[in-house]
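Undergrad: Could you work out the structure for the sequence below:
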Amino acid sequence: MRFLFLSVMSHKPSSLLYSSIHSFATSIFSVVIGLVISIVIARGFGPTAKGSADLIMVTSTLLAMVFGLSLQSGIVYVVARGRAIINGLLVCLALIALLQTLLATVTLAGLMRTTLASALMPPESEHWGVIAVALLILGSLLSGHYRSVLIGLQEIPRVNLINLYGQIVTLIVILVFIYASWFQGQQLTAEVLVWLQVGATIVIVFLLRWTLRPWLIGSIQQKSGLSEVITFSIPSYLANMAQFLNYRLDIFFVSYFVGVKGVGLYSLAVGIAQLLWLVSGATSQVLFPDVAASVDQVGAQQRTARVARLSLWLSIVLAGGLGLGGTVLLPLVYGIAFQESIPALIWLLPGVTIFSVANVIGSYLAGIGKPHLNLAASLVGLVFTVVFDFMLIPWLGITGAAIASSISYIATTLAIIAIFMRETGIPAGSVLLITGDDLSLISATIRQTLGERHAT
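TA: Below is the predicted model:
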C-alpha cells in the first residue's frame with residue numbers, strides 16, 4: 001500500500017498502461033477488502049437487517065441515477081478534452097446536486113404514500129430512512145462529480161487510492177461498531193448499518209474535494225463548460241438508466257415477491273459476484289478519458305480491444321476462484337444463514353464475468369462521443385431483465401433472479417461487441433482472446449514497475 005501511495009505522488013499518471021496496471025493492482029486490493037466488508041456485515045447483522053439496509057442503499061442509488069442525469073460521463077468527456085474551467089464547473093455542479101437531491105427526496109416522500117412503499121423501503125423505516133436516503137444521494141452525486149473531474153484529468157491512480165481508502169475506513173468503522181455493540185450486549189440494526197454507510201460516503205466526498213485543490217484555479221464566473229457537459233450527458237443518461245435497471249431492477253422484484261430477507265440473501269450473492277467488476281470498472285475509467293483525449297482513432301480501438309480481453313481473462317480467473325470456493329466457504333465465512341445465497345452466486349458468475357467486456361467497450365463508445373450506442377445495447381439487456389425477472393423470480397426466488405441477470409448480462413455484452421465490430425472492423429476474437437503480445441507487455445511492465453519501486 002505504501003508503494004502505491006509513493007508511486008502516485010512521484011509518477012505522473014499520463015500513461016494508459018501505467019494507469020491500467022495501477023487500476024488492476026488496486027482492484028485486487030478492493031476485491032479483498034470488499035469481501036471482508038461483506039463478511040463482517042453478514043456476520044454482524046444477519047440476512048434481515050442486511051437486506052433492509054441493502055434495500056435502502058439500492059433505493060438511494062436508483063434515485064441518484066434518475067435525478068443525477070448521468071452528468072459524470074459528460075464531466076469526464078469535457079474535462080478530458082480540456083474544455084472545462086474546473087473551479088466554476090464544480091460550483092455549478094454542487095448547486096445542481098443540491099437541487100437534484102431535493103427533487104429526489106420529495107419524490108421518495110411521495111412514493112412512500114403509495115403501494116410501492118414496500119418495494120422501496122423496509123417496514124418501519126419511513127422517517128429516518130428518507131433522511132438517510134437524501135444524504136446518500138447528495139454524497140453520491142458530489143463524490144461522483146469530484147471523481148469524474150479527476151478521471152477527466154487522467155489522475156486515475158489518485159481516484160483508485162481514494163476509493164481504496166474509503167473502503168478501509170468503512171471496514172474499520174463497521175468493526176468498531178460491531179465490537180461496541182457486542183461489548184454492550186446490544187443488537188445491531190439496519191439503521192446502524194445505513195448510517196455507517198452515510199458516514200463513509202461523506203468521508204469520500206471530503207477526500208475527493210481535498211484532492212482537487214491543485215486544479216481549483218480560474219474565476220468561477222468564467223465559462224465553466226457546464227452546457228457541454230449537459231449536452232453530452234443526455235444520451236449517456238438514458239443508456240446508464242437502462243443499464244442500471246439491468247443490474248438493479250431484480251432487487252426490487254425480489255423485495256416484492258420474496259421479501260426483505262430474500263433481498264439480504266440475494267444482495268450478498270450479487271455483491272460478491274459484482275466484485276469482479278472492480279477489475280473492468282477500474283480499467284474502463286482509465287480508458288474513457290484516454291479515448292476522449294486521443295487523436296489516434298486506430299490506436300484507441302486497438303487499446304480498447306486489448307483492455308477488454310485482459311479484463312475478461314482476469315475476471316475469468318477470479319470468477320473461477322469464487323465459483324470453486326463459494327460452495328464450501330460461503331456458509332463457513334458468512335454463516336449458515338446465508339447458505340441459500342450459493343445457487344444465486346453460481347448462476348450470476350457467467351453473466352458478470354462476460355459483462356466485463358461490455359464495461360470496457362462502453363467506455364470506448366462514450367469516449368468517441370457516441371453514448372447513444374451504449375443505450376441500444378442496454379435496452380437489449382433491459383428487455384431480457386424484465387421478461388425473465390417476471391418469469392423466474394415468482395417461481396425460483398433469488399435463484400431465478402440470478403439466472404435472469406446472467407441472461408441479461410450476456411445479451412447486453414453480445415450486443416455491444418457487435419456494435420464495436422461494426423464501428424471499428426475489429427473481429428470478436430481480438431476482443432475476447434488474449435495474445436502472446438499481451439502477456440509479454442504485462443511482464444515487461446511489471447518488471448519496470450518493480451524497478452521503479454526499488455528506486456523509490
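Undergrad: Could you point out the helix or strand that follows the helix or strand in which Trp277 is found?
TA: For Trp277, the host element (DSSP states H and E) is helix 277-293. Moving toward the C-terminus from helix 277-293, the next helix or strand (DSSP H and E) is helix 297-334.
Undergrad: any idea of the mean pLDDT for that following helix?
TA: Computed over helix 297-334, the mean pLDDT rounds to 85.
Undergrad: Next one: Ile234 from Leu98, what distance?
TA: Distance of Ile234 to Leu98, given as C-beta to C-beta, to the nearest Å: 21 Å. (C-beta placed from N, C-alpha, C; glycine too.)
Undergrad: should've said Ala404
TA: 37 Å.
Undergrad: more crowded one of those two?
TA: Legend: neighbour count by other C-beta atoms under 10 Å for Ala404 and Leu98, higher for Ala404 (26 against 13).
Undergrad: contacting residues around Ala337?
TA: Going by C-beta atoms under 8 Å, 6 or more residues apart in numbering, Ala337 touches 42, 46-47.
Undergrad: which one of these sits closest to Leu90?
TA: Ala42 (37.5 Å; C-beta to C-beta).
Undergrad: I figured that closest one was touching Tyr334, is that so?
TA: Yes - counting by C-beta atoms under 8 Å, Ala42 does reach Tyr334; the two are 4.2 Å apart.
Undergrad: Find residues that contact each of those two.
TA: Leu268.
Undergrad: for the secondary structure element (helix or strand) that Leu95 belongs to, packing partners?
TA: Leu95 is part of helix 86-111, with elements assigned from DSSP H and E. The contact analysis (3 or more C-beta pairs under 8 Å, 6 or more residues apart in numbering; DSSP states H and E) places helix 86-111 against helix 16-68, helix 71-80, helix 117-120, helix 126-152, helix 226-257.
Undergrad: Distance from that helix to the middle of the chain?
TA: 20 Å (C-alpha atoms, centre = their mean, to the nearest Å).
Undergrad: averaged over its residues, what pLDDT does it have?
TA: 89.
Undergrad: Name the residues of that helix that come out as buried.
TA: Buried residues in helix 86-111, counting neighbours by 16 or more other C-beta atoms under 10 Å, are found at 86-93, 96-97, 100-101, 104-105, 108, 111.
Undergrad: pLDDT score assigned to Gly185?
TA: So, for Gly185, pLDDT stands at 69.
Undergrad: Check the one 3 residues further on too.
TA: In this prediction, Leu188 carries a pLDDT score of 72.
Undergrad: doesn't Tyr179 make contact with it?
TA: No - in this structure Leu188 lies outside contact range of Tyr179 using C-beta under 8 Å: 10.8 Å.
Undergrad: So between the two, which is more surrounded?
TA: Leu188 (20 against 11).
Undergrad: Helix or strand for that one, just tell me which one.
TA: Judged by DSSP H and E, Leu188 forms part of no helix or strand.
Undergrad: can you check Val383 too?
TA: Using DSSP H and E, Val383 falls within helix 371-396.
Undergrad: Which of the three states applies to Leu348?
TA: Taken by DSSP: H, G, I helix; E, B strand; the rest coil, the conformation at Leu348 corresponds to helix.
Undergrad: That one: neighbour count?
TA: Neighbours around Leu348, by other C-beta under 10 Å: 28.
Undergrad: That one and Ser405 touch, don't they?
TA: Yes - at 6.0 Å, Leu348 and Ser405 qualify as touching, with contact defined as C-beta under 8 Å.
Undergrad: and for those two, which residues touch both?
TA: The contact sets of Leu348 and Ser405 overlap at Val270 (C-beta under 8 Å, 6+ apart).
Undergrad: what about the residue nearest to Ile354 when sequence neighbours are not counted, which helix or strand?
TA: Of all residues not flanking Ile354 in the chain, Thr413 sits nearest, at 5.0 Å (C-beta to C-beta, 6 or more residues apart in numbering). Thr413 belongs to helix 398-424 when assigned by DSSP H and E.
Undergrad: elements contacting the next helix or strand after that helix?
TA: Sequence order places helix 428-432 as the next helix or strand after helix 398-424, per DSSP H and E. Helices and strands touching helix 428-432, by 3+ C-beta pairs under 8 Å, 6+ apart, are helix 297-334, helix 341-367, helix 398-424.
Undergrad: Just send those back as a markdown table, with distance to Ile37 too.
TA: Converted to a markdown table, these look like this (distance: least, C-beta to C-beta, whole Å):
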| stretch | distance to Ile37 |
| --- | --- |
| helix 297-334 | 12 |
| helix 341-367 | 16 |
| helix 398-424 | 21 |
